[in-house]
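S.K.: Give me the fold of what follows.
(one chain, ligands or ions: 1)
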Amino acid sequence: MTTDVTTQWSGKLYSGGWVAGSGPRLEVRSPATGDRLAEVASATAADLDAAVAQARTAQRDWAALPYDKRAAVLLKAAQLLQENPDRLARWLVAEAGSGQGKAAFEVGLVTTELQESAALASHPYGEMLRSVKPRLSVARRVPVGVVGVISPFNFPGILSMRSVAPALALGNAVVLKPDPRTTIAGGFALADLLEEAGLPAGVLHVLPGGAELGAAVVAHPGIPCLSFTGSTTAGRKIGEAAGPLLKKVHLELGGNNALLVLPDADIEAAASVGAWGSFLHQGQICMTTGRHFVHSSVADEYVAALADKAKNLPVGDPADPTNALGPIIDTHQRDRIHAIVTGAVDQGATLAAGGEYTNLFYRPTVLSHVRPDSPAYTEEIFGPVAPVVAYDTVEEAIELINGSDYGLSVSILTSNPYAAYELADRIDSGAIHINDATVDDEATAPFGGSKASGVGGRFGGPHAGLETFTETQWITMQQDIERYPF
Ligand code: NAD
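M.R.: Below you'll find the model as predicted:
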């Protein structure tokens, strides 16, 4: 992709339309080629103040619209994206380093999110309550006002849209701060789509910037509700900052997800699930398989099959559709991955595949005999690395799985799925997939983690949307003014 300076967002931010920002310019670069793709404006505290003031006014009119008008905007956006998936996919490939299959998958997720959120606009939003008095007593969900959305770089389109679309459907305005490495795929391309679909000006704002701007969004008194997706480290800081401000906070954080291969599993199929779970999008997914627990009777066979896949996966510029893996997002992440891999080997792990890189292209890596105190085992690596650990009993494996600080996604592979279903009772995880990968998401299913993987709600489905992006209001109404003793 060549430099894109002709778009309406060149040198701009999105706040009541495409406008000049007051901060320094922010370059958008391809992690695969280093090419400069575009240049946008970064937002300052003054831009944030202006955006929030405008959003608060626009939100009242947006919430007052009949629900079908809000639904129509979201449905139109879904239709526009279906007609031209490339308007988002090309940025997912060029700016976020997504393989073409991952980009197409993500565009599909964004489309479904828009459609499901459109349905949320017409969903029942309250209950009739019994009352001891002859009156109407109703609990209804009302919009929170302005929702602050802060999103990460890895699945920038869906991880922004899964907050933006339900928040809008329920009558909120949104201030979105995407990751500065994916300003367009995680922000501008979505604003462009919603604007063309008829979203009134001022209802959605996209403010480019980094952690400092994110902290300003968290602290802003005009933003009562925050939807954050990102690392557990940043999530804890946001929780600390938002707690005293008494904000409604939804945190979707990191993971170190386990794949449990039971001794009766088909090992070739298991290795494919393991490779997909650890290597898709270079392992830069919160649901990436971070620990492979394999029964000792089949562990060698599994490691050999997984290493064979790793050695044969093509890695390179995702503009070439034959490449299964693209670049790591930046040198900082790549160096962290490499330090974890070499550290594990120094601690006695066996490198069965990978462990090397060229530029930002890290080879899919398989480590066996990983020590349980090694960072390759305890930490979220966020790279294409599959640490394998052998276990002897299922009890031991369950203890190892639950021993993680995280609780986002677990998968169990077996030829006896009902036995695995019983094991699920003993696993502390937001999602458990039997005979499928840890990487899985659907707009209709509740998505979220336990423990250090998140707090404050779920994404997906009508209940999750209402819980996260509205407040409950109790209303009573009676014919005559109540008489009291004094
Ligand atoms: P990160 O936490 O560094 O950044 C995410 C976003 O938060 C960015 O927009 C960043 O600018 C902003 N930010 C950073 N510090 C902030 C602060 N103190 N206050 C306000 N905003 C701040 O995340 P990352 O490392 O770039 O992304 C990868 C992480 O995100 C991984 O841990 C991954 O597991 C997690 N993630 C979780 C989910 C989920 O649904 N649970 C999905 C995707 C990614």
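S.K.: Now do the residue in the stretch 201-350 of the chain that the ligand sits nearest to against residue 207, distance only.
M.R.: Of all residues in the stretch 201-350 of the chain, the one sitting closest to the ligand is residue 214 (2.2 Å; CB to the nearest ligand atom). The C-beta positions use only the backbone N, C-alpha and C, and glycine is treated the same way. Separation of residue 214 from residue 207 (CB to CB, to the nearest Å) stands at 10 Å.
S.K.: overlap in contacts of the two?
M.R.: Counting by CB atoms under 8 Å, 6 or more residues apart in numbering, the common neighbours of residue 214 and residue 207 are residue 177.
S.K.: Which residue of those two possesses the greater neighbour count?
M.R.: Higher neighbour count among residue 214 and residue 207: residue 207, with 29 against 25, using other CB atoms under 10 Å.
S.K.: Look up phi and psi at the more buried one.
M.R.: The phi/psi pair for residue 207 (degrees, to the nearest 10) reads phi -110, psi 110.
S.K.: What residues does the stretch 201-350 of the chain have near the ligand?
M.R.: 210-211, 214-215, 218, 229-231, 234, 237-238, 252-255, 286 (CB under 6 Å from any ligand atom).
S.K.: Pull stretch 157-171 out as PDB, backbone CA atoms only.
M.R.: Extracted in PDB, the C-alpha atoms of stretch 157-171 (Å, rounded to 0.1, in the frame of the first residue of the first chain):
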ATOM      1  CA  GLY A 157     -11.600  -3.100  14.200                       C
ATOM      2  CA  ILE A 158     -13.600  -5.500  16.200                       C
ATOM      3  CA  LEU A 159     -12.200  -4.500  19.600                       C
ATOM      4  CA  SER A 160     -13.300  -0.900  19.000                       C
ATOM      5  CA  MET A 161     -16.600  -1.800  17.300                       C
ATOM      6  CA  ARG A 162     -17.700  -4.300  20.000                       C
ATOM      7  CA  SER A 163     -17.900  -1.300  22.400                       C
ATOM      8  CA  VAL A 164     -18.900   1.400  20.000                       C
ATOM      9  CA  ALA A 165     -21.800  -0.300  18.200                       C
ATOM     10  CA  PRO A 166     -23.800  -1.500  21.300                       C
ATOM     11  CA  ALA A 167     -23.100   1.800  23.100                       C
ATOM     12  CA  LEU A 168     -24.500   3.700  20.100                       C
ATOM     13  CA  ALA A 169     -27.500   1.300  19.700                       C
ATOM     14  CA  LEU A 170     -28.500   2.000  23.300                       C
ATOM     15  CA  GLY A 171     -28.500   5.800  22.800                       C
END
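S.K.: Show me which residues of that stretch are buried.
M.R.: Across stretch 157-171, burial judged by 16 or more other CB atoms under 10 Å covers 157-171.
S.K.: so which pair among the residues you listed is furthest apart in space?
M.R.: Farthest pair in these (CB to CB) is 157 and 171. Separation: 23.1 Å.
S.K.: and residue 82, what is it in contact with?
M.R.: Residue 82 neighbours (CB under 8 Å, 6+ apart): residue 111.
S.K.: Residue 104 versus that one, what's the distance?
M.R.: From residue 82 to residue 104 the distance is 12 Å (CB to CB).
S.K.: cool, residue 169 as well?
M.R.: Residue 169 is 25 Å from residue 104, by CB to CB.
S.K.: The stretch 201-350 of the chain: strands as residue ranges?
M.R.: 204-206, 225-229, 248-252, 257-261, 289-295, 350-353 (DSSP state E, counting those that start in this stretch).
S.K.: shouldn't residue 433 be in contact with residue 408?
M.R.: No. Assessed by CB atoms under 8 Å, residue 433 is found out of contact with residue 408, at 11.5 Å.
S.K.: Please identify which of the two sits among more neighbours.
M.R.: Using other CB under 10 Å, the more surrounded residue of residue 433 and residue 408 is residue 408, with 29 against 22.
S.K.: measure that one to residue 64 for me?
M.R.: Distance from residue 408 to residue 64, by CB to CB: 38 Å.
S.K.: same question, residue 207
M.R.: 25 Å.
S.K.: can you check residue 189 too?
M.R.: 28 Å.
S.K.: Between these two, which is the more surrounded one?
M.R.: Legend: neighbour count by other CB under 10 Å for residue 189 and residue 64, higher for residue 189 (27 against 9).
S.K.: I'd say that one and residue 91 touch.
M.R.: Yes. Look at residue 189 against residue 91 with CB under 8 Å: they come within range, at 5.2 Å.
S.K.: And the helix or strand encompassing residue 168, what does it pack against?
M.R.: Using DSSP states H and E, residue 168 sits within helix 156-169. Applying 3 or more CB pairs under 8 Å, 6 or more residues apart in numbering; DSSP states H and E, we find helix 156-169 packed against helix 67-83, helix 86-94, helix 100-120, strand 146-150, strand 173-177, helix 189-196, strand 225-229, helix 461-469.
S.K.: pLDDT wise, what is the closest residue to residue 65 other than its chain neighbours at?
M.R.: Nearest-residue entry for residue 65: residue 171, 7.9 Å, with adjacent residues in sequence omitted and distances by CB to CB, 6 or more residues apart in numbering. On pLDDT, residue 171 comes in at 98.
S.K.: cool, residue 2 as well?
M.R.: On pLDDT, residue 2 comes in at 47.
S.K.: Give the full set of residues in contact with the residue positioned nearest the centre of the chain.
M.R.: The C-alpha lying nearest the average C-alpha coordinate of the chain belongs to residue 159 (CA atoms, centre = their mean; 3.8 Å). Residue 159 sits next to 151-152, 186, 229 when contact means CB under 8 Å, 6+ apart.
S.K.: now for these, which pair is the farthest apart?
M.R.: 186 and 229 (10.1 Å).
S.K.: More neighbours: these two, which one.
M.R.: residue 186 (32 against 26).
S.K.: shared neighbours of residue 186 and residue 229, anything?
M.R.: 151-152, 159.
S.K.: Residue 344 reaches residue 372, doesn't it?
M.R.: No. The pair residue 344 and residue 372 fails to qualify as a contact (CB under 8 Å) at a distance of 11.2 Å.
S.K.: More neighbours: which of the two?
M.R.: residue 344 (25 against 11).
S.K.: show me the contacts for the more buried one.
M.R.: Counting by CB under 8 Å, 6+ apart, residue 344 touches 367, 370-371, 374-377, 387.
S.K.: Let me see the contact set for residue 284.
M.R.: Residue 284 touches 153-154, 328-329, 333, 382-383, counting by CB under 8 Å, 6+ apart.
S.K.: Right, I'll call it a day here.
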